[in-house]
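*Asks:* Pasting the sequence and the predicted coordinates here, then a few questions.
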Amino acid sequence: MIPLSTADAPDPRLLGGAISIGNFDGVHRGHALLIKRLCRLAERIGGPAVAVTFDPPPAAILRPGQVPPPLTTIARREALLRRCGATGVVVIRTTADLLKQSPETFFRSVVQGGLQARGMVEGPNFFFGRDRAGNPHLLQRMCGESEIECEIVEPTTADNRMVSSTRIRELLRCGDVQMANQLLTAPYQLQGTVVRGAGRGRTLGFPTANLAEIPTLIPAPGVYACRALIAGQPHAAAVHIGPNPTFGDNSTKVEVHLLDFSQNLYGEPIDLEFHGQVREVRQFSGAAALQAQLSDDLQQVRRCLAELPDC
């Protein structure tokens, strides 16, 4: 991270190139277009293509307690941005002092001083500096005065609506992971750590790994077809999110049933890639009815994942 001081300076190999500054949460198709244009500009000026993001997001400091959960961790965000073509990613440590800087001070300290940029690529909704006073028009003027090439990229649309992190959150909160994945550059993924649960799944013949410590947005309650990545290896999984009304359990949980897998995973991290919703959560008349439905769920999960490569 760079806190805009002499400590924790960015990798010198990432200086003097083209930069794009943003939250990049989710790394969706709009972000991918920005990075593509960034790479072209970086090649033209003969420097690295650098994505610049923030941790935490500025809104978390400006509006604490009102910020929706992120779509990506910083580590995944960096990996996805690199996959899109970025040479590297610089993470700026967000502080109250940083957010109080005027657009001119932010430009001098970050763009010119911290990153020594010779080119910039941003979207039309790029705002910077105190009270978001800096906008693309001001950025272009400041870049022109500083002999920094600047490109403003039009937003990416799908179904006549702008592709945005907000739109993707809405889809995930409705359980529409397939549409969300169409807007993202990679399947939606969350990570959690396996903790002990009630053991009810095992008694039903469908043992589950319960996940906790999930830092990103959890999709709507339902049963999903997922790939579970364990130590980097993919495994087919049926994932139940939400309460268990059949047993009077109203607490929301993320329970992972790994198909054809029997190892002990307590304390281990699992990454879940979401590929489709099988059904919504509902109450059954008893254990036998639930067992029959779970068997049908697993068949649907297998069919969904069979259409994907390498699973």
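*Replies:* It's in.

*Asks:* contacts, neighbours, all on C-alpha from now
*Replies:* Noted.

*Asks:* Correct me if wrong: A86 contacts V50.
*Replies:* Yes. The pair A86 / V50 is scored as a contact, 5.7 Å apart, by CA atoms under 8 Å.

*Asks:* I'd guess V223 is in a strand, am I close?
*Replies:* Yes. The assignment for V223 (DSSP: H, G, I helix; E, B strand; the rest coil) places it in a strand.

*Asks:* Could you list everything it pairs with in the sheet?
*Replies:* Bridge pairing for V223 (DSSP bridges) gives the partners H240, R279.

*Asks:* Against which helices or strands is the helix or strand C150 falls within packed?
*Replies:* If you go by DSSP states H and E, C150 is part of strand 149-152. Counting contacts by 3 or more CA pairs under 8 Å, 6 or more residues apart in numbering; DSSP states H and E, strand 149-152 is packed against strand 119-122, helix 136-145.

*Asks:* buried stuff in the one helix or strand in the chain whose mean pLDDT sits lowest?
*Replies:* Lowest on mean pLDDT, DSSP states H and E among the helices and strands of the chain sits helix 200-203, with a mean of 75. Buried residues in helix 200-203, counted by 16 or more other CA atoms under 10 Å: G201.

*Asks:* Can you name the next helix or strand after it?
*Replies:* Following helix 200-203 in sequence, per DSSP H and E, is strand 209-212.

*Asks:* what packs against that following strand?
*Replies:* So strand 209-212, by 3+ CA pairs under 8 Å, 6+ apart, packs with strand 189-195, strand 249-258.

*Asks:* Name every strand pairing with it and say which way it goes.
*Replies:* Those paired with strand 209-212 in the sheet (DSSP bridges) are strand 189-195 (antiparallel), strand 249-258 (antiparallel).

*Asks:* List the contacts of the last one.
*Replies:* So the one you mean is strand 249-258. 206-212, 228, 235-244 (CA atoms under 8 Å, 6 or more residues apart in numbering).

*Asks:* Output whichever helix or strand A42 is part of as CSV, restricted to C-alpha atoms.
*Replies:* Element membership of A42 [criterion: DSSP H and E] is helix 29-45. Output in CSV follows, covering the C-alpha atoms of helix 29-45 (Å, rounded to 0.1, in the frame of the first residue of the first chain):
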residue,chain,number,x,y,z
ARG,A,29,-16.6,-5.8,-17.8
GLY,A,30,-16.5,-2.1,-17.5
HIS,A,31,-13.3,-2.3,-15.5
ALA,A,32,-11.9,-4.7,-18.1
LEU,A,33,-12.4,-2.2,-20.9
LEU,A,34,-10.6,0.5,-18.8
ILE,A,35,-7.7,-1.9,-18.3
LYS,A,36,-7.6,-2.7,-22.0
ARG,A,37,-7.4,1.0,-22.9
LEU,A,38,-4.9,1.5,-20.1
CYS,A,39,-2.6,-1.2,-21.6
ARG,A,40,-2.8,0.5,-25.0
LEU,A,41,-1.8,3.8,-23.5
ALA,A,42,1.0,2.3,-21.5
GLU,A,43,2.4,0.6,-24.6
ARG,A,44,2.3,3.9,-26.5
ILE,A,45,4.1,5.9,-23.8
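
*Asks:* Going forward, the N-terminal residue is numbered 167.
*Replies:* Sounds good: first residue 167 from here, last item helix 195-211.

*Asks:* Buried deepest among the strands paired with strand 375-378, which one?
*Replies:* Of all these, strand 355-361 has the most neighbours on average by mean count of other CA atoms under 10 Å, namely a mean of 20.
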